[in-house]
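Colleague: For reference, the sequence and a predicted model appear below.
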Amino acid sequence: MDSWKMLLASAGLIASMVPMQAVAQESAPPMQDLPREQTLIIQNPEPAAANPSMFNIWIPGSGGNVSNGLHQLMMDTLWYIDPDEGLDGALYSSLASEPWQYNEDFTEMTVNLREGIYWSDGEEFTADDVVFTVETQIATPGMTWSATLENNVANVEAVDDHTVKFTLNNPNSRFHSTFSVRWQGAWIMPEHVFSEVDDVMSYDFNPPVGLGPYTLHSFDPNGAWYIWEKREDWDRTTMAEYGEPGPQYVIYRSIPSTDNRLIEMVNGNLDMIHDLTPEGMFSLVEQSETARGWFPGFPYAHPDPTLPMVIFNNQNEMFQDKRVRWALALMLDARQIAIASYRGAATLSAIAVPPTGTHPSDYHGPMQDWLQSYELDLGNGETIQPYDPDIGSQIAQMVSSQFEGVPTEPDAIKAAFGHGWWRQDVEAAGKLLESAGFTQQGNQWMMPNGEPFSFTIRTFPEGVINRMGTMIAQQWSQAGVNVTAEADPQMFPQTLPLGDFEAATAWSIETWGGDPDLSFFIDSWHSDYVADPGERQPARNWQRWTNDELDSIIEQIRVTEFTSEENLELGRDFVELMVEEMPIIPVMAFNVFSAYDTRYWTGFPTAEERPYANIVNNWANSRYILTQLTPTSAE
């Protein structure tokens, strides 16, 4: 057995078959009471709600669920930006009738609203609802968007029934993003309901009144399932622009067990799965002729707009020299990382933008010439060109003997496995370390102070990120840097914000996905927000890296129109700076093994034909999928 087949086998690449035996159900809903051909059944990735009757989505930590259909099917706000291509572009004007309108210096934003939109109880939606939402949250500390709105809004007024004008405290060309849904957004409150409530912070909003095309039908008192029914007047909602939603009923089920999700889909009791393990997906497509993933074959998974990476704590003296950071990058073999983490089903990214949605056409594709010609100075008079555009093809070839449907066409390989990554070059890494004052004793690299170059890399307790971190630690250790991988269950709540780490595998980059704008994360990287060592770091500059050129790029983005070509060029400037400095090592997209079954419904988005929506069904953007679904029995 050659080395690659040994690696595949040791990673458990060949999925074991899950027997279709009786499995205890997680509070299954009364599906028998609903016509199956009119019912879409979706897995809700959240655990059963601790407070099932709580629908006040504007109160954080209330114990109610969010991804139970509430924000997908009932809520609405001004705009949506889908992480994929969208039905007619990734930017949707929802309650707004058109995109945002700023004045010249971005201190005012005017919003024109749609007419003829009605709440589910028959009240007409007007500008008063938007004004009430903003003013109520500003006046009520602790509500979900109160701090953001208070910090930004000096005044909000209804110019007329369908026009709202915001006056801002400071220039802000991205204020509209508060009301733009990526995963969530600032949902609009029904003024005629909440104005009658004495204490909005304790109000359960049950039954909920919404602007979406569905209303609450029933729910499990234990919080495991929620059933929604299409409104008779669905055509008085913003969804009507894209057609009538296909399902009459939609069920959201909390199914914590991965095996149970798989079994329920094979048995016809589940139409959409939020996520499986790689092994679970491989097993599912073996056992079901009608189930599939984002890609029709391997690698199946959908790349989300987050970017798993190696995060260095740049306030640690070990990582303050970019030659050291680059040396660590060149010690890595992305092919082994892909096999170890995703069984090969990884979408790699050498640049600091996830390879998802429109980003491959915005960044990865157009920057290939620059990446291939990029020269890295080794510090001794030598330069190398470290980028390898063929790594995706190499991974595809490695897994082709194990799986059917592995892409063979160049464009399909890039979409599935990424456009390329840095080639492993341990010799060049050594030259970089030597130029930085490191020495080698046997196979151990020694820092300039004479101490061994060794550190701990924190990683997730389980799953693909854990596998990635473990493999990276192994590769560094093999190259002479003694690195230990440590599972950390407090990564995002404690470790990253407190800077209590040397290196970590997580992410500090999250983007819109369906738009080249990088403001979703990049503004938080400004040096103004970097905490002193030992103090809590505001999200998301976990790497605690400061750079004057980065600050300049961020400051220019702040006063650049969101959809402009100039904004895209600033994004590419950021990518080039990140390659040059390597303050983090980008690795790959966070691929999600979402699955759906075409036994009862067709029209789901697909990577190869209609990538119109993020298939991950807990995102609020998934509502647009419902307008494209038709019963299989109708074909």
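Modeller: Received it, and whenever you're ready, just let me know what you need.

Colleague: Asn443: neighbouring residues, count only.
Modeller: 11 (other Cβ atoms under 10 Å). Placement of C-beta: from N, CA and C, glycine included.

Colleague: cool, and the one 10 residues further on?
Modeller: If you count neighbours by other Cβ under 10 Å, Phe453 ends up with 22.

Colleague: Please name the residues that touch it.
Modeller: 318, 433, 438, 444-447, 480-482 (Cβ atoms under 8 Å, 6 or more residues apart in numbering).

Colleague: Of the residues you listed - the most surrounded one?
Modeller: Busiest of the contacts of Phe453 [other Cβ under 10 Å] is Leu433, holding 30 neighbours.

Colleague: My read is that that residue contacts Trp326, right?
Modeller: No: using Cβ atoms under 8 Å, Leu433 makes no contact with Trp326, being 9.7 Å away.

Colleague: Show me the shaky parts of this protein.
Modeller: 1-26, 635 (pLDDT under 70).

Colleague: Off-centre distance for the helix or strand hosting Glu229?
Modeller: Element membership of Glu229, judged by DSSP states H and E, is strand 225-230. Distance, stretch centre to chain centre, for strand 225-230: 25 Å (Cα atoms, centre = their mean, to the nearest Å).

Colleague: Skip ahead from that strand and say which helix or strand is next.
Modeller: Per DSSP H and E, the first helix or strand lying C-terminal to strand 225-230 is strand 249-254.

Colleague: Now the next helix or strand after that following strand: buried residues?
Modeller: The first helix or strand that comes after strand 249-254 along the chain, using DSSP H and E, is helix 258-266. Residues 258, 260-266 are the ones in helix 258-266 that count as buried (16 or more other Cβ atoms under 10 Å).

Colleague: Glu565 - how many residues pack around it?
Modeller: What Glu565 shows, counting by other Cβ under 10 Å, is a neighbour count of 10.

Colleague: Could you number the chain from 21 rather than 1 from now on?
Modeller: Sure, I'll start counting at 21 from here, so that last one is Glu585.

Colleague: Return the backbone torsion pair for it.
Modeller: Main-chain dihedrals, Glu585, degrees, to the nearest 10: phi -70, psi -30.

Colleague: returning to what we had before: now the contacts of Phe473 in JSON lines, with distance to Asn611 and secondary structure?
Modeller: What follows is the contacts of Phe473, written out as JSON lines (distance: Cβ to Cβ, whole Å; DSSP: H, G, I helix; E, B strand; the rest coil):
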{"residue": "Met338", "distance to Asn611": "30", "secondary structure": "helix"}
{"residue": "Leu453", "distance to Asn611": "32", "secondary structure": "helix"}
{"residue": "Phe458", "distance to Asn611": "35", "secondary structure": "coil"}
{"residue": "Gln464", "distance to Asn611": "35", "secondary structure": "strand"}
{"residue": "Trp465", "distance to Asn611": "32", "secondary structure": "strand"}
{"residue": "Met466", "distance to Asn611": "38", "secondary structure": "strand"}
{"residue": "Met467", "distance to Asn611": "35", "secondary structure": "coil"}
{"residue": "Gly500", "distance to Asn611": "31", "secondary structure": "coil"}
{"residue": "Val501", "distance to Asn611": "27", "secondary structure": "coil"}
{"residue": "Asn502", "distance to Asn611": "30", "secondary structure": "strand"}
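
Colleague: Which single one of these is nearest to Glu155?
Modeller: Set against Glu155, the nearest of those by Cβ to Cβ is Met338 (49.6 Å).

Colleague: Correct me if wrong: the closest one contacts Ile477.
Modeller: No: contact between Met338 and Ile477 fails when scored by Cβ under 8 Å: they sit 12.0 Å apart.

Colleague: What pairs with the strand holding Glu249, parallel or antiparallel?
Modeller: Strand pairing for strand 245-250, determined by DSSP bridges: strand 234-239 (antiparallel), strand 269-274 (antiparallel).

Colleague: Using CSV, write out every CA atom in it.
Modeller: Provided in CSV are the C-alpha atoms of strand 245-250 (Å, rounded to 0.1, in the frame of the first residue of the first chain):
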residue,chain,number,x,y,z
TRP,A,245,-40.0,20.5,16.5
TYR,A,246,-41.9,23.4,15.1
ILE,A,247,-44.5,23.3,12.2
TRP,A,248,-45.2,26.3,10.0
GLU,A,249,-48.1,26.8,7.6
LYS,A,250,-48.2,28.9,4.4
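
Colleague: Need the contact partners of that strand.
Modeller: Here strand 245-250 makes contact (Cβ under 8 Å, 6+ apart) with 47-49, 54, 64, 85, 88-90, 93-94, 233-240, 265, 267-274.

Colleague: what does stretch 336-344 give?
Modeller: Outside stretch 336-344, the residues within contact range by Cβ under 8 Å, 6+ apart are 332-334, 345, 399, 452-453, 455-456, 458, 467, 473, 475, 522-523, 600-603.

Colleague: Distance from the chain centre to stretch 236-251, please.
Modeller: The answer for stretch 236-251 is 26 Å, by Cα atoms, centre = their mean.

Colleague: Then stretch 564-583?
Modeller: The answer for stretch 564-583 is 22 Å, by Cα atoms, centre = their mean.

Colleague: Output that stretch as CSV - backbone C-alpha positions only.
Modeller: Output of stretch 564-583 as CSV, limited to C-alpha atoms (Å, rounded to 0.1, in the frame of the first residue of the first chain):
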residue,chain,number,x,y,z
ARG,A,564,-4.0,40.7,17.4
TRP,A,565,-2.1,41.9,14.4
THR,A,566,-1.6,45.5,13.6
ASN,A,567,-0.3,47.0,10.4
ASP,A,568,-0.4,50.6,9.1
GLU,A,569,-1.2,49.5,5.6
LEU,A,570,-4.0,47.4,6.9
ASP,A,571,-5.4,50.4,8.8
SER,A,572,-5.2,52.5,5.6
ILE,A,573,-7.2,49.9,3.6
ILE,A,574,-9.9,49.6,6.3
GLU,A,575,-10.2,53.4,6.6
GLN,A,576,-10.6,53.7,2.8
ILE,A,577,-13.3,50.9,2.8
ARG,A,578,-15.2,52.8,5.5
VAL,A,579,-15.8,55.7,3.0
THR,A,580,-16.1,53.6,-0.1
GLU,A,581,-19.5,52.7,-1.5
PHE,A,582,-20.4,49.0,-0.8
THR,A,583,-21.0,47.9,-4.4
